[in-house]
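A.B. asks: predicted model and sequence below, questions to follow.
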Amino acid sequence: MVEWTEFERATIQDIFTNMNYDVVGQQSLARCLIVYPWTQRYFGKFGNLYNAAAIMGNPMVAAHGKVVLRGLEKAAKNMDNIKATYADLSVLHSEKLHVDPDNFRLLGDCLTVVVAAQLGAAFTPEAQAAFQKFLAVAISSLRRQYH
Amino acid sequence: MSLTAKDKAVVKAFWGKIASKADAIGEEALGRMLTVYPQTKIYFAHWPDHSLGSAQVKKHGETVMGAITAAVGKMDDLIGGLSSLSDLHATKLRVDPGNFKILSHNILVTLAINFPADFTAEVHVAVDKFLAALSAALADKYR
């Protein structure tokens, strides 16, 4: 059972309530595909990922970034039960999508950078710690059904 | 994952933009690392205060960032250019090289916060590669 402080709960709710899902979703996934190009292996059907400009302008990347964020929102709304909330998603990523779970951390790092840019100084070291703890729990839950 | 000519140019141009704030960036990145990854405090157990704003974090952040800025000018031979720093980290400080990645991540977050418009995806990948190459050079003498 993950223990969350009041500060951590409030910080996570705050971040997700005020998040622009269109911008943050698109930016995070696009950055992941640009900064860690091997992650493009999972998006063969997304059309033009040839360079950074193409990735940034790709509508399928934008749409899928939002899908990923909505998935994280589910965890944010069920912080005391992320493991169970993500059971089916975990099976999906392992059995159907065949995503190397090390990649979850890469996307998480890009999401952290994008949220930091959006929030500026409001993304204090303590807020960063809370957000990264949340991502670590989400990632751990997403890895859980791999075998 | 070696640095291309384009990577070096992007890093140099970006570093020119951030030069005046380099000390503050170093301080903030170090402070964030010590807060978000508390296990990194073990290397600074002799400091009375590990929080962002303390005199130790300020001074050491400046030292580290100064060395990184100097490395921007040594991108054509990071292993040679960082040789003595690598000796220091390997034999005297004995910092587990896994921690270089952690500090690098916090430098990226700090850059995103302070230069949201300039820290584009292209700059992000170039700086990430530079910090990774720098970390490898720093670990070169470890064994």
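C.D. replies: Received it, and whenever you're ready, just let me know what you need. In this text, all values refer to a predicted model and were calculated from it rather than measured experimentally.

A.B. asks: quick one, what contacts the residue of chain B most remote from its centre?
C.D. replies: Most distant from the centre of chain B: B:P48, at 22.8 Å, with distances by C-alpha atoms, centre = their mean. Residues counted as contacts of B:P48 (C-beta atoms under 8 Å, 6 or more residues apart in numbering or on different chains) are B:54, B:56. For the C-beta atoms, the positions are set from N, CA and C on the backbone; glycine is no exception.

A.B. asks: what distance do you get for it to B:S54?
C.D. replies: 8 Å (C-beta to C-beta, to the nearest Å).

A.B. asks: now swap in B:G66 and tell me
C.D. replies: Counting by C-beta to C-beta, the separation of B:G66 from B:S54 is 18 Å.

A.B. asks: tell me which of those two has more neighbours.
C.D. replies: Legend: neighbour count by other C-beta atoms under 10 Å in any protein chain shown for B:G66 and B:S54, higher for B:S54 (16 against 13).

A.B. asks: now that one. Nearest residue, chain neighbours left out?
C.D. replies: For B:S54, ignoring the flanking residues on the chain, the nearest one in space by C-beta to C-beta, 6 or more residues apart in numbering or on different chains is B:W47 at 7.3 Å.

A.B. asks: next, that neighbour: secondary structure please.
C.D. replies: Of the three states, B:W47 takes coil under DSSP: H, G, I helix; E, B strand; the rest coil.

A.B. asks: quick check: the gap between it and A:K96.
C.D. replies: Distance from B:W47 to A:K96, counting by C-beta to C-beta: 49 Å.

A.B. asks: quick one: which of the two has more around it?
C.D. replies: Shown here are B:W47 and A:K96; by other C-beta under 10 Å, B:W47 has more neighbours (15 against 8).

A.B. asks: report pLDDT for that one.
C.D. replies: At B:W47, the model reports a pLDDT of 96.

A.B. asks: try A:M1
C.D. replies: Per-residue pLDDT puts A:M1 at 81.

A.B. asks: now it: how far from A:L33?
C.D. replies: The gap separating A:M1 from A:L33 is 35 Å, by C-beta to C-beta.

A.B. asks: what do you get for A:S140?
C.D. replies: Between A:S140 and A:L33 the computed distance is 23 Å (C-beta to C-beta).

A.B. asks: higher neighbour count, those two?
C.D. replies: Neighbour tally, A:S140 and A:L33, criterion other C-beta under 10 Å: the higher count belongs to A:L33, 26 against 16.

A.B. asks: quick one, what contacts the more buried one?
C.D. replies: A:L33 neighbours (C-beta under 8 Å, 6+ apart): A:39-40, A:43, A:49, A:55, A:61.

A.B. asks: for chain B, tell me which of the residues you listed show up nearby.
C.D. replies: Among the contacts of A:L33, the ones lying near chain B by C-beta under 8 Å from any C-beta of the partner chain are A:I55.

A.B. asks: closest to chain B among the contacts of A:L33?
C.D. replies: Among these, A:I55 lies closest to chain B (C-beta to the nearest C-beta), at 7.7 Å.

A.B. asks: just say helix, strand or coil for that closest one.
C.D. replies: Following three-state DSSP, we place A:I55 in the helix state.

A.B. asks: I'd guessed it sits against A:V61; true?
C.D. replies: Yes. Using C-beta atoms under 8 Å, A:I55 makes contact with A:V61 at a distance of 6.0 Å.

A.B. asks: list the residues that contact both of those two?
C.D. replies: A:30, A:33, A:49.

A.B. asks: grab the nearest non-local neighbour of the residue nearest the centre of chain A.
C.D. replies: The centroid of chain A falls nearest to A:G108 when counting by C-alpha atoms, centre = their mean (4.9 Å). Of all residues not flanking A:G108 in the chain, A:L135 sits nearest, at 4.3 Å (C-beta to C-beta, 6+ apart).

A.B. asks: the helix or strand encompassing the one you found packs against which elements?
C.D. replies: Using DSSP states H and E, A:L135 sits within helix A:125-143. The elements that helix A:125-143 packs onto, with contact taken as 3 or more C-beta pairs under 8 Å, 6 or more residues apart in numbering or on different chains; DSSP states H and E, are helix A:6-17, helix A:59-76, helix A:82-85, helix A:87-91, helix A:102-119, helix B:22-36.
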